[in-house]
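J.: Okay, here's the prediction I keep looking at, along with the sequence it came from:
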Amino acid sequence: MFNIYNDLKSDETLELIHLHLHELPRHTSILLAGDLNRHHPMWDEPRNEQLFTEAALEAAQNLIELLDRYSLTMVLPAEIPTLELSSNKNLSRPDNVFLSSRLAGTVTRCLVVEAPRISCTDHFTIQTELTLSCKQAPRVTRRNFNKANWEKIRAELAKILPNTRQPPITDIPTFDARLDKVMNAMNSVIEAHIPMAKESPYTKRWWSPRLKELHTVKSDLHIAANRHKATPSHPLHSLYARADKEFQEAKRAAKRDCWRTFVDEAEGDDAWGVHKYITSAPSDGGAARVPTLRTTNEAGELVEHSTSKQKGTALNGSFFPVPQDPHIEPAEYPPTVEPFQNVSKDQLNRVITNLKPHKTPGPDAIPNVMFKECRKTLVYWLLPLFRATFDLNYYPERWKESNTVVLRKPGKKDYTVPKAYRPIALLNVISKLLSACVADTLNTLVEKHELLPGHHFGGRRGRSTSDAMQVISSFIKDAWRGGDVVAGLFLDVKGAFPSASPARLAHNMRMKGIPEQLVAWTERKLQGRRTVIKFDDYTSDWFNIEHGIDQGCPLSCIYYLLYNSGAVELANADNQEMASGFVDDIALLARAKTLGEANDKLVSMMDRPGGMREWAANHTCEHEYEKTALIGFSRRPGEVRPPITIAGIEIQPSRSHRFLGVIFDQQLRWKEQAAKAVATGAAWVGQIKRVARLNHGFSAHVMRRLHQCVLIPQITYAADVWFTPVVRSKKKPRDELEQGERNPRDLGSVGFARKLATVQRQSAIAITGALRTTSNMALDAHANILPIDLAMNLVCFRATIRMATLPVSNPLRRYLVKAQRYVKRHRSALHELLHTFNILPSTFEPAPESPLTPKILKILNPTIPNSREEAMSAAEQANADVRIYSDGSGIDGGIGAAAVLCREGQPDRILRLHLGTDKRHVVYDAELVGAILALHLLESERDIESAWIGIDNQAVLHALRSPVVRSAPHLVLAIGDLAKRLTRAHPGLRITTTWVPAHEGVPGNEKADVAAKEAARGVSSESSKLPTYLRNAISDSPAAAKQAFKEGQKEIWKQMWDGALSTNNARLRTIDHATPSNDFHKLAQTIPRRHASLLIQLRTGHVPLMDYLHRFDKSESATCPTCRQRPETVDHYLMRCPSYERARQRRNISFPAAENSMSTLLASKEAVPHLMTYIRETGRFPLLARM
């Protein structure tokens, strides 16, 4: 345990702590606490952004690196102040508590005690409590589904459950018997063919037969030596000591070799496994540890719950509150919006296909992977069961049972209260499959008939958290532009899902016209549920669940949207009110001339008849007003922000509030949010640097994949809301500026980008292994990652393109269309995005309201043969009245499509269409257009009974077969429209659509390929011969726009690099003319990480040679220590030092191309082995240059 004080202007204490920690045994548990005098968004409140200067962030980096090196985790939750300045009463966080990661789960409480305060100090007392237990978790036997022989299992299951359609179920006994047969069949097959996992606390990945042999020898000698304890000089004692030493050394080597093998063999595809490994919480394999819980009884007395049974009762009372009366008054329900449709086979197949295979199962212990692998058999047996739950008005009791797992809510300061934990319901997979089918039906129903309010964004297709935040931001900016202000009330619901009333849910569903079969099924599902609570390797007795919606059920989200939709509908737009919801997060906004008037509107929205409080009372919903945030959005100087009173509780205005993961501040400057992004990124980089060692660290390829796939998404979350794209201005060199002339400033969130660059810098160092003094530009170039401002611009552009393709029903689209006019004042994020990127939403096709592929496409019978040979054989043997070949092509910057119809005895008919440039369309679009042209040719034929269509693009055939449209939906829907017309023009026509390998000499395909290339170069058929849909310009492709913008960003990067080369990086120009490019990253993938690190150090000149060390005051002289003639630069060391002449001659003989060329020596893949041999012979960098 270390209690330290670190001076504000020095790191001497941190360096001393580092020396002490370095001397400790490797697995020593550490607690580090004290006044560290370092400010960073990782622990300080975002409102203190004035403390996050570049100098402060750089100073905090040394502390962060210390924590990363010794795997220390911050246990005092972030944003809790520990100091109140005597001068201005500002609260900040110079003090902190860090603990070894392996002990993080033992923290019972870590909180600040503000009073009584120790005299003569402005610091608060920090109280930390740990619960350390040495009890070993009991062994749990599990089956190892990873070693299953699925072909054998499917065959055995098919013997018990034949792969044939089963008859409908007509009564409840038959239902139970059929369900028993299915469950018994799966359990018997699992028992017979799934081996048990050999789990043991002594099983280690690094254990080997050699270690077992050494351990046996050591144990035998130990027993033998014990027989001669009275004779210390007996030779068995020394033999045992040698055997024990040999075993310990071999064990250490085995551990080291196991880790090194894992690291060295990791490739790009292993990045997610690495990420999961380094970010997962330390665990002993047991369940969450729950300390003694404390609650308050009705008399206000403190009650302690120390036994597992008492804890289970306390947690049950927190998770599943006592039911309340929902006050449902008799109502006349409207007619249903459409007739009920039972579960379909396609629906069930889609649900099973989308299962994640290795999720934890429920009480039946049958995992998802069993259903996925045996889908074709089980669908025949499950479908009648699922349909019968509606036909028989029956829901089996066993499907109402669940296991409730207790999880800690992260970042809580006190884990002795039950509400610091959250429940996760583990349901039987078979019941979740049915629930997923019903959820799919309900989601389609509510979107098709617009049963949910437009501003309810959560859990709906085509809507995201960014959409909700963009609408709120645009509403506020519109008000400011009109001379008004906005007051926002962000509500916090206590136990949203557990407090939902099933009776009120059923009432709401009937009021919205949901078919009665679905409503009655919901009532049956939510009645009579029971669960066991699991924690501390303890399983409670059964608890009845009489209230709430199961969290973890596929239906939970759509149920809650139907449940609380009234809370979003209560806003009166005519009174300049707005409500926005994302599942259980609700924001109320009111616009007025003053914040006092806006507050009055908020109070009215809460208190008026039909307002939020009445809605909450009728929906058994309790708002926690202590956590409710009030923000007065205004930029007027000196604006008074009055509080409001709701339910007798005064709510003071806040400067900022986190809503949907983004911090909204009262002036929408987003400084707090930028600080939070920096904190998020710094925390992640700190974790990843633990596995980025030069010796046996993960490769640059894996590290870069983690940077692109984890870090960038984390720090750019909702960046389109809070980050204004950076536009770099053209600047003159300083020596060309006239007297008094200044270069124009860059536009956009330049300051935010500069702070985020500090995070990317640390990530780039971890990727490359370069020294800390290397410039950002050189780091980015060698890591092959875009500079952070360009990366942020790319993220914002992609988000803008997504918004431009939103469905018409999304309320954000209305704001997006209005934002096309670039206003002068109070521009919203939408204004800036559309203007900066010059995007017109009208050039893109809005996404369809339903993502489902038209069922009519089944008449095309799309098939994909298993191999090229099988496809060629099918093409040769195809016997149809007509053959049609379609193709798409991209050549010379153009995109074109064509189709060729071949009919015996008649000339070929060809249609061509030039779509446009490759900046607006992709070849996939052309392939779909080719299919449209093919169907149009087929429609105009006469006297045909069969047709064969050959397409050489498998992606198109997958799109025609997929139940959900994923790309270019407008073109897929156009194919569906043509398919409908075909059925009318040629009733009974038999169509086969199949894959034909390209460039294999198939005559029709070769003709289509030639015609498509002609179309790409600008040739199109007469407009009158084309389908009506294709006679006008086709909407731009989002994929093409994104690719074109990405290439443009790379070109800007190249220009930035060339500009910087003229001043700072002149040496890199002579070494590698291609930089920035992927060349060095490709080179780094082929050599050990330590060699890649040394190579980048030599290329940049930031390498610990004497000239470099002298430049940074780490050496008194720059002179070469061997020849003592000239400064030891990279050029001197590699090419000129007389002390290394013989080694240099041997290098030049083995690789003559590098004799007089630094560029060849430091940029060529072939030169690396010879370079490393030379370095080893000089003895300069023995650890990095070793083989």
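T.: That came through, no problem.
J.: Longest helix of this structure, counting residues only.
T.: Longest helix in the chain by number of residues (criterion: DSSP state H): helix 235-265.
J.: What is that helix packed up against?
T.: In this structure, helix 235-265 packs against helix 209-226, with contacts taken as 3 or more CB pairs under 8 Å, 6 or more residues apart in numbering; DSSP states H and E. Backbone N, C-alpha and C define where each C-beta goes, glycine included.
J.: List the contacts of the helix it packs on.
T.: 234, 236-237, 239-240, 243-244, 246-247, 250-251, 254 (CB atoms under 8 Å, 6 or more residues apart in numbering).
J.: What of stretch 649-658?
T.: With CB under 8 Å, 6+ apart, stretch 649-658 has contacts from 46-47, 488-490, 625-626, 628-632, 641-645, 663-666, 672, 676.
J.: so how far is that stretch off the chain centroid?
T.: The chain centroid and the centroid of stretch 649-658 are separated by 30 Å, computed with CA atoms, centre = their mean, to the nearest Å.
J.: Now do the buried residues in it.
T.: Within stretch 649-658, the residues that count as buried by 16 or more other CB atoms under 10 Å are 651, 653-657.
J.: ok, of those, which one's closest to residue 24?
T.: Of all the buried residues of stretch 649-658, residue 24 sits closest to residue 656, with 40.8 Å by CB to CB.
J.: Helix, strand or coil: sort out residue 914 for me.
T.: Secondary structure state of residue 914, per DSSP: H, G, I helix; E, B strand; the rest coil, is strand.
J.: Next, count neighbours for it.
T.: Residues lying near residue 914 (other CB atoms under 10 Å) number 20.
J.: Same question for residue 409.
T.: 10.
J.: Residue 565 too?
T.: 18.
J.: Please identify the helix or strand for it.
T.: Take DSSP states H and E as the rule and residue 565 turns out to sit in helix 556-569.
J.: Remind me what that helix packs against, helices and strands.
T.: Short answer (3+ CB pairs under 8 Å, 6+ apart): helix 556-569 packs on helix 429-448, helix 502-511, strand 577-582, strand 585-592, helix 612-618.
J.: Dump the ones you listed to CSV, plus mean neighbour count and distance to residue 698.
T.: Output for the helices and strands packed on helix 556-569, formatted as CSV (neighbours: other CB atoms under 10 Å; distance: least, CB to CB, whole Å):
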stretch, mean neighbour count, distance to residue 698
helix 429-448, 21, 35
helix 502-511, 20, 49
strand 577-582, 23, 36
strand 585-592, 24, 37
helix 612-618, 17, 51
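J.: hang on, the earlier thing: which two in the buried residues of stretch 649-658 are spaced the farthest apart?
T.: Maximum distance among the buried residues of stretch 649-658 (CB to CB): 14.8 Å, for 651 and 656.
J.: Type out the PyMOL command that picks the buried ones from the contacts of helix 209-226.
T.: Restricted to buried positions by 16+ other CB under 10 Å, the PyMOL selection for the contacts of helix 209-226 reads:
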select buried, resi 236+237+240+243+244+247+250+251+254
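J.: Take the contacts of helix 209-226 and write them to JSON lines, including pLDDT.
T.: Shown next, in JSON lines, are the contacts of helix 209-226 (pLDDT from 0 to 100):
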{"residue": "234", "pLDDT": "88"}
{"residue": "236", "pLDDT": "88"}
{"residue": "237", "pLDDT": "89"}
{"residue": "239", "pLDDT": "91"}
{"residue": "240", "pLDDT": "90"}
{"residue": "243", "pLDDT": "91"}
{"residue": "244", "pLDDT": "90"}
{"residue": "246", "pLDDT": "91"}
{"residue": "247", "pLDDT": "90"}
{"residue": "250", "pLDDT": "89"}
{"residue": "251", "pLDDT": "87"}
{"residue": "254", "pLDDT": "86"}
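J.: Make a markdown table from the contacts of helix 209-226 and add distance to residue 356 to it.
T.: As requested, those are arranged in a markdown table below (distance: CB to CB, whole Å):
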| residue | distance to residue 356 |
| --- | --- |
| 234 | 61 |
| 236 | 57 |
| 237 | 57 |
| 239 | 54 |
| 240 | 51 |
| 243 | 48 |
| 244 | 47 |
| 246 | 46 |
| 247 | 42 |
| 250 | 40 |
| 251 | 37 |
| 254 | 34 |
